[in-house]
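Chemist: Output the structure for:
(2 chains)
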Amino acid sequence: MSFKLDQKSIFRQGVLLTRRGHIRTPFFMPIATKGAIKGAVSSQDLEALDPQIALANTYHLLLQPGLEAMKKLGGLHKLMNFSLPILTDSGGYQVFSLSKIRKITEKGVTFSSHIDGQEIFLSPEKSIEMQLAIGSDIIMVLDECTPYPCSYKYAKESLELTTRWAKRCKEYFAKKTKHLPKKKRPLLFGIVQGSVYKDLREQSATELVDLDFDGYAIGGLAVGEPQAKMLEILEATIPFLPKDKPRYLMGVGKPEDIFAAVKRGVDMFDCVIPTRNARHGSIFANLQILMTKVKYDTLLIKKDKFKTDQKPLDPKCTCLTCQHYSRAYLRHLYRVNEMLYARLATVHNLSFYLEFLKQLREEKE
RNA sequence: GUGGCCAUAGUGUAAUGGUUAACACAGGAGUUUGUGGUACUCCUAAUGAGGGUUCAAUUCCCUCUGGCCACC
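Modeler: Numbering: from 1, shown residues only, chains lettered A, B, ... in the order given. Sure thing, here's the model as predicted:
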């Protein structure tokens, strides 16, 4: 059993056990796509934020530095000098979001590299092999993330392919990890697809649960559909997932999305919003968790009104940035294009998200 | 003092004897959901003053004002 829930708590406050340590739920995973948090945030900066876990991308690391180099380097933890657990995305989403030219067949997916255009083939087995080389602690199966909108027919065929790939991932994973003691093995998660069709979500979840994964992700959401639709599909999916396994809503989201999803029984999240928005000048501040919703402010730091504002970004925040620097300084750094801006803003926005999830973990009735 | 050049959004530059005078930055309002990019979208805002030529002037001519350069 890798997941324990506190039965008396509200939400799903529990503990997920990985080979590199336990993680309290619900939690948010900062994204280190290429083995670094974008915005000049070092592994030590990140660990100082107590993130519990980070996420990296198989697709990007497969292109650079590549499978063989990663094997020789002894994995990503060593490469980036990071000691907390790492979850790796399988590359399925990047094929969907980055590659204009792609061909999906039963065997796998062929696509052109966004870096130099060279043809890359990614199969379920190859994705797992790369994730094992990375030394990932939570490995995701290769899936096809359907776009929104998506026809029923395409969504059904796609989900069934995703299930067959999941089975192959599981078999390959079992073969490659059977020599490891159970406590030294990474976890393997399946991914529910089915677009916005409730019966397809049920079908996908049921098929994956039959295969018995360590946790279940819900993919193919937050791809352009309205929030109400996302929650509707989430509510239609969760009942088909086991209570004693972690649920991961991939790529979500804004604080209000995460709050709504946690209330509906989701345990894990990842999203580019805190880091990307930080780089683009949008700062999260003044969080309030109320009974039915979350409230917060978004500061567009470039604005004139911050020119001489000596307050920290968020007066209640304890992050490095807020302890030492003012809104005026951040605005100035943003405007003069200093790299320090990105680091300080990213550290703060991550701190905001991590503190938000920490409060959800501690929320009592 | 004489001659020449210049004057267009807040700033720096375009363009034109004839529909809504363009662009960049600045200013304002937004966007970003399993990360190709310090990204993207929308909005506000201008022909120095006065006179003349002309059907029509920001454009051509004159005067003034202000600035730059050269010469004495």
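Chemist: tell me which parts of the stretch 101-250 of chain A are close to RNA strand B?
Modeler: A:114-115, A:140, A:143, A:145, A:191, A:193, A:217, A:219-220, A:222-223, A:227, A:250 (C-beta under 7 Å from any atom of the strand). The C-beta positions use only the backbone N, C-alpha and C, and glycine is treated the same way.
Chemist: Just flag the most distant two among these.
Modeler: Within these, A:Ile115 and A:Gln227 form the most distant pair, 33.8 Å apart (C-beta to C-beta).
Chemist: Counting neighbours around each, name which of these two comes out higher.
Modeler: Using other C-beta atoms under 10 Å as the criterion, A:Ile115 and A:Gln227 rank with A:Gln227 on top: 15 against 11.
Chemist: By neighbour count, sort out the buried ones in the residues of the stretch 101-250 of chain A next to RNA strand B.
Modeler: Taking 16 or more other C-beta atoms under 10 Å as the criterion, what is buried in those is A:140, A:143, A:145, A:191, A:193, A:217, A:219-220, A:222-223, A:250.
Chemist: hang on, A:Phe269 in a strand?
Modeler: Yes: counting by DSSP: H, G, I helix; E, B strand; the rest coil, A:Phe269 is located in a strand.
Chemist: What's the local residue count around it?
Modeler: The number of residues packed near A:Phe269 is 22, by other C-beta under 10 Å.
Chemist: cool, and the one 3 residues further on?
Modeler: Residues near A:Val272, counting by other C-beta under 10 Å, number 15.
Chemist: any idea how far it lies from RNA strand B?
Modeler: Distance check for A:Val272 against RNA strand B: by C-beta to the nearest atom of the strand, to the nearest Å, it reads 3 Å.
Chemist: Let's check: the centremost residue of chain A is which one?
Modeler: Closest residue to the average C-alpha location of chain A: A:Asp270 at 2.7 Å, with C-alpha atoms, centre = their mean.
Chemist: ok, back up a step: just the ones of the buried ones among the residues of the stretch 101-250 of chain A next to RNA strand B in strands?
Modeler: Among these, DSSP state E puts A:140, A:191, A:217 in strands.
Chemist: Leaving out the residues flanking it, which one is nearest to the residue nearest to the centre of chain A?
Modeler: A:Met29 (4.1 Å; C-beta to C-beta, 6 or more residues apart in numbering).
Chemist: Now do the helices in chain A.
Modeler: Listed in chain order, the helices of chain A (DSSP state H) span A:43-48, A:58-63, A:67-73, A:76-80, A:92-97, A:124-134, A:152-177, A:198-211, A:227-237, A:255-263, A:273-279, A:320-324, A:327-335, A:339-362.
Chemist: Now render those as JSON lines, adding mean pLDDT and distance to A:Val109.
Modeler: Shown next, in JSON lines, are the helices of chain A (pLDDT from 0 to 100; distance: least, C-beta to C-beta, whole Å):
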{"stretch": "helix A:43-48", "mean pLDDT": "96", "distance to A:Val109": "31"}
{"stretch": "helix A:58-63", "mean pLDDT": "95", "distance to A:Val109": "10"}
{"stretch": "helix A:67-73", "mean pLDDT": "97", "distance to A:Val109": "16"}
{"stretch": "helix A:76-80", "mean pLDDT": "97", "distance to A:Val109": "23"}
{"stretch": "helix A:92-97", "mean pLDDT": "85", "distance to A:Val109": "5"}
{"stretch": "helix A:124-134", "mean pLDDT": "98", "distance to A:Val109": "10"}
{"stretch": "helix A:152-177", "mean pLDDT": "98", "distance to A:Val109": "10"}
{"stretch": "helix A:198-211", "mean pLDDT": "98", "distance to A:Val109": "18"}
{"stretch": "helix A:227-237", "mean pLDDT": "96", "distance to A:Val109": "24"}
{"stretch": "helix A:255-263", "mean pLDDT": "96", "distance to A:Val109": "28"}
{"stretch": "helix A:273-279", "mean pLDDT": "97", "distance to A:Val109": "25"}
{"stretch": "helix A:320-324", "mean pLDDT": "96", "distance to A:Val109": "40"}
{"stretch": "helix A:327-335", "mean pLDDT": "95", "distance to A:Val109": "39"}
{"stretch": "helix A:339-362", "mean pLDDT": "96", "distance to A:Val109": "31"}
